[in-house]
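**Student:** here are the coordinates; sequence isn't available:
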C-alpha cells in the first residue's frame, strides 16, 4: 500500500502470526486513512459488577420486548375485534395492539441502544475526508475524452445528419407525449350547454322534449320530493337540489342551493336590493318572501352553508367568506370577491317550487374566462 | 459422499472467498465497515423521516390489499350501523371496511396516517437543523435542493393520500384543489377538466390519485431518498467544530458496530412511538364525516398540518381580483396568488438559498464544519422570518377553531393573521439577529475575561468585584490572556469546568462509585468548602 495523507504508523505484515485480530483491524483502518484515538472499555476491568448490571438490564429489555410482542400476537388473535355499536371489548382492540406493539418495539429499540451506548467500548476515530476535487489533469483528460466522443460521432462535421436527427426525433418525442395529452385533455366548453356555465337547474337536464314543452326543473329535497312554499317556515332555510335524475348526487356538484324563507322585513330589503341590481341579473328572482342562493362558495367551491339568522349572513366554513343575504349575497368579509348567484324562483301549476330558469350568474369558484 | 467432506467451520471462509472472486468485495466492504460517522443528536432528525418513510411503505402496502379506488356508488352494508343503507363511493366503503371489517385494519390505517404526519414533521425539523447550522453550504447544495423536493413531494403524497377515502373531509379538500386549478390564468378550466376528467368531481379522480399516491409519487420519493442518502454517504457527513475536528477530517465512530446499532435501535424506537400513537390516538375517523356530498361540510374542516399553511394563506388573502377588460373580459381570482404563486415561491426560494448566500458572502469554499447559528446572525434571521411566516400561516389555517375555542371573533382572527403575516416575520428577524449578536458578544466576553464564578470579592478600597475564572493561561498580572473563538461551545458556568459534582452513571442511583476526583466538595461526606482561586 502507498502511504496516505495523515495516515499514521507503519504498515504491518498482516500475515504475521503474532498479530492480534485488533492489530489487523488497525492495519485495515490505517489503509482506510482512519486513526483510532481512543478505544477503551466503559468498565474497570473485565467482569466488573457494573458491566454485569448493564448486561442484566439489556437482557431484561430484550425479554420485555419479546413479552410485549407476544402480547401483541395474543391480542391480535384472541381479543374480540369485530366492531359492534356501544361499549364493547372490541373498543380496546386497536389501543391494545398499539400499546403492546409500541412497547415491544420501544423495549427492543432501547435494548439495542443501551447495548451500543453502555456496553460497547468508547471510541473516537478520525477519518480523512479526501474531499478535494479531481486534479486538473484528470479534468482535462475527461473533458477531452467527452469532446472526442463528439468528434467520433462527427455530427458537427455532418450538418445533414444533424438536421435528419432533429427531424427524425421530434415526431417520436411528440408521439410519446401525444397519448397523455390526447387522452387527458378535454375541452371544458365543448357541450351545447358548457359544464362551467350550466347547473342541474337548466331545463335541458329534463330532456329535449320537456325543455321544448317549457317544463321547468323543480326544487327537491335530497330524497327527490318536491317542495311547496309552506314547507319552509319563516326564518327557515333548506338545502335543495334540482329535481332531475341523480340531481342530489355529486354528479351535479354545482347545483346544491339554499332556499331561504325570509321574514317580511328582511324580504322587503332583499327584494329592493335585488330589483336595484346593477347588472339586473337578480331582478324578479325572488318568489314572495323566498330567495334561493347557490350554496357553492364563489371562492373555493365549499358549501357556504353556515346560516347566521341574526345578521342574515351566510358563512363558508372553509375560508370564512361571508355573504350578506339581504344584499344579493354580496361578499362582506373574507377572500371571496363575487356574490353567490341567485336562482330565479317561481312555482309550477301544482304549487311546487321550480327554477324559472338556470342561474344567471356563473356558479362555483371563479376562473379566468368567466364572462 | 465418501471423499468430499464438508467442513462447516470452513464454510464462511469458502463463501467469502467465492464472493470476492466474483465481485472483488473485500476492499470496498472493509471501507464500509470502517467508515467513520460523526455523532450529534441533531443529525438524527433526518433519520426519523427515513424511518417513518419505511413504516409508510410497509403499512401502505397492507392498505392497498383492501382499498378499492373506485367512485362507483354503492349502498353501505357494513357493521357501522349509523351509515347502513347510505349510498357512497366504493372507495369510501372500502375505507370503512378497512376500519371495521379487517382485523387490525384500523390500526394499520392509523399507523399509516401518523407515520405520514411524523414524516412531514421530521422533514421540517431536519430542514431547520440543516439551515440554521449552514449544512447546506458547498458542496451540499444539491442535497439541500433534493431535501426541499422531498418536502414538496411529501406534501403531494399526503394530499393525494388523504383524498383517497373519499369521505366528507377529503372531498372538500378535492373541491378546493379543483378551485385552485381553476384560478390559473388561461389554462385553469382546461387543467381542472383534464385532471378530473370533466366537471368536478367526475368519476375518475380517486383512481387517478390512487395511482399517483401508490406508484408515481412514492417511486420518485424513493429515488430521491436514495440519491439523498447516497450523496450524504459520498460527501461524508458534516460535523460540529471542536477538539481535533477540522474541515478535512471526520471525527466520530466507525459505522460498525456502534453507529449502525444506534441507528437500528433508533429505528425500533421511532417505529414503537408510531405504533403507540396509532393505537392510542385516533386520527381521521372517516366514519364520522360521512361520504362526500357537494352540499355538506362541517366547520373545523382542516387539512393535515403540513397543508394548513396554504389553507391559512388562502384564508388571509384579501379579496383582490384582477379584471382584464379585453374581449369578453377575463379575471384572475385572488386565490391564485397564495395557492399557486405563493406555493411556487415557498419552494423555489429555499432551493436557491445556498447559492444566494454564497454569492452574497463571496464564499466559494467547501464547508464540512457546521456553523453555530449565532455565528451567522443574518441566516438565523432569515430562517426565523420564514418559520414565523410558516407558523402564522399554519395557525391561520385553523383560525376558525381557535376563534371557536377561545371565543374570539372570527373576523378578528383573520385580521390578526393578515397583520401578523406582515409584521411578525420582520420582527422575528430583528429579534433573532439581536439575540445572535448578544450570544456572540457573551462568548467573546467569557473568552477574554473568564467564567463568572458568582463569588463577589470586596477589595481593600471598598470596591466590590466578581471573581472570574480564566479559561486559559494568565499573564504576569494575573489577567487572563484573551483566547481565540473556535466556533464551538464556550463554557460559561463553573460546573462546566468541573466545579460541581462529576457526572455519575446510573438513572435512579449510582451504578458505580464516582472516581476520586478532588475538584468537587459536594459529593458524599461532610462538605468542605474551599476558596476558588481566581485571576484577580
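**Tutor:** Okay, I see it. A quick note: this is a predicted structure, and the numbers were derived from the prediction, not measured. Numbering: from 1, shown residues only, chains lettered A, B, ... in the order given.

**Student:** these two touch, right, residue B:126 and residue B:44?
**Tutor:** No - applying Cβ atoms under 8 Å as the test, residue B:126 and residue B:44 come out as separate, 9.2 Å apart. Glycine gets a C-beta too; all of them are placed from N, C-alpha and C.

**Student:** Now do residue A:274, the pLDDT please.
**Tutor:** pLDDT, residue A:274: 94.

**Student:** what's the burial count for it?
**Tutor:** 21 (other Cβ atoms under 10 Å in any protein chain shown).

**Student:** got it, and the one 10 residues further on?
**Tutor:** When neighbours are defined as other Cβ under 10 Å, residue A:284 has 14 of them.

**Student:** who are the neighbours in contact with residue A:152?
**Tutor:** Residues near residue A:152 by Cβ atoms under 8 Å, 6 or more residues apart in numbering or on different chains: none.

**Student:** For my notes, confirm it occurs in a helix.
**Tutor:** Yes - assessed by DSSP: H, G, I helix; E, B strand; the rest coil, residue A:152 belongs to a helix.

**Student:** Tell me, what's the model's pLDDT at whichever residue of the stretch 1-150 of chain B sits closest to chain A?
**Tutor:** Proximity to chain A, evaluated over the stretch 1-150 of chain B using Cβ to the nearest Cβ, is greatest for residue B:36 at 3.8 Å. Residue B:36 is assigned a pLDDT of 95 by the prediction.

**Student:** Hmm, residue B:258 and it touching each other?
**Tutor:** No - applying Cβ under 8 Å, one finds residue B:36 not in contact with residue B:258, separated by 10.9 Å.

**Student:** Return the residues of the stretch 251-371 of chain A in contact with chain B.
**Tutor:** A:252-256, A:295-296, A:299-303, A:305-306, A:317-321, A:331, A:333-338, A:364-371 (Cβ under 8 Å from any Cβ of the partner chain).

**Student:** The residues you listed in strands, which ones?
**Tutor:** Counted as lying in strands by DSSP state E, out of those, are A:306, A:331, A:333.

**Student:** what would the residues you listed look like in JSON lines with neighbour count?
**Tutor:** Output for those, formatted as JSON lines (neighbours: other Cβ atoms under 10 Å in any protein chain shown):
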{"residue": "A:306", "neighbour count": "16"}
{"residue": "A:331", "neighbour count": "22"}
{"residue": "A:333", "neighbour count": "17"}
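
**Student:** For those, give me TSV that also has pLDDT.
**Tutor:** Below are these laid out as TSV (pLDDT from 0 to 100):
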residue	pLDDT
A:306	87
A:331	95
A:333	93
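
**Student:** which among those residues gets closest to residue B:19?
**Tutor:** residue A:306 (68.8 Å; Cβ to Cβ).

**Student:** What's the local residue count around the residue lying closest to the closest one once chain neighbours are set aside?
**Tutor:** Leaving aside its chain neighbours, residue A:306 sits nearest to residue A:315 (4.1 Å; criterion: Cβ to Cβ, 6 or more residues apart in numbering or on different chains). By the criterion of other Cβ under 10 Å, residue A:315 has 21 neighbours.

**Student:** Which residues of the stretch 301-450 of chain B lie near chain A?
**Tutor:** Counting by Cβ under 8 Å from any Cβ, the residues of the stretch 301-450 of chain B near chain A are B:301, B:311, B:314-321, B:328-335, B:366, B:368, B:399-400, B:410-411, B:414.

**Student:** try it again with 7 Å
**Tutor:** Neighbours of chain A within the stretch 301-450 of chain B, by Cβ under 7 Å from any Cβ of the partner chain: B:301, B:314-315, B:317, B:319, B:321, B:328-331, B:333-335, B:366, B:368, B:400, B:410-411, B:414.

**Student:** Residue 207: neighbouring residues, count only.
**Tutor:** Chain wasn't specified; assuming chain A. Residue A:207: 13 surrounding residues under other Cβ under 10 Å.

**Student:** ah, no, chain B please
**Tutor:** 16.

**Student:** Low-confidence stretches in the stretch 1-150 of chain A?
**Tutor:** A:1-9 (pLDDT under 70).

**Student:** those helices in the stretch 101-250 of chain A, which residues are they?
**Tutor:** A:136-153, A:159-184, A:208-212 (DSSP state H, counting those that start in this stretch).

**Student:** With respect to residue A:83, which of these lies nearest?
**Tutor:** Ranking the helices of the stretch 101-250 of chain A by proximity to residue A:83 (Cβ to Cβ) places helix A:159-184 first, at 40.0 Å.

**Student:** The closest one and chain B, are they touching?
**Tutor:** Yes - on the criterion Cβ under 7 Å from any Cβ, helix A:159-184 is in touch with chain B at residue A:184.

**Student:** buried residues in that helix?
**Tutor:** Judged by neighbour count (16 or more other Cβ atoms under 10 Å in any protein chain shown), helix A:159-184 contains no buried residues.

**Student:** cool, stretch A:150-157 as well?
**Tutor:** Per 16+ other Cβ under 10 Å, stretch A:150-157 contains no buried residues.

**Student:** Just the terminal-to-terminal distance for that stretch.
**Tutor:** 10 Å (Cα to Cα, to the nearest Å).

**Student:** related to what we said a few turns ago, ok, what's across the strand from the residue nearest to residue A:306?
**Tutor:** residue A:306, residue A:322 (DSSP bridges).

**Student:** Check which helix or strand the residue of the stretch 1-150 of chain A found nearest chain B maps to.
**Tutor:** Residue nearest to chain B within the stretch 1-150 of chain A (Cβ to the nearest Cβ): residue A:98, separated by 0.9 Å. Taking DSSP states H and E as the definition, residue A:98 sits inside helix A:93-114.

**Student:** now swap in residue A:36 and tell me
**Tutor:** Using DSSP H and E, residue A:36 falls in strand A:34-40.

**Student:** list the helices and strands that strand packs on?
**Tutor:** strand A:122-128 (3 or more Cβ pairs under 7 Å, 6 or more residues apart in numbering or on different chains; DSSP states H and E).

**Student:** need the contact list for the residue lying closest to residue A:69 once chain neighbours are set aside.
**Tutor:** With sequence-adjacent residues excluded and distances taken as Cβ to Cβ, 6+ apart, residue A:69 is closest to residue A:104, at 3.8 Å. By Cβ atoms under 7 Å, 6 or more residues apart in numbering or on different chains, the contact set of residue A:104 is A:65, A:68-69, A:72.

**Student:** how about a cut-off of 8 Å?
**Tutor:** A:65-69, A:71-72, B:272.

**Student:** Nearest to chain A within the stretch 201-350 of chain B, name that residue for me.
**Tutor:** Counting by Cβ to the nearest Cβ, the stretch 201-350 of chain B gets nearest chain A through residue B:279, at 0.9 Å.
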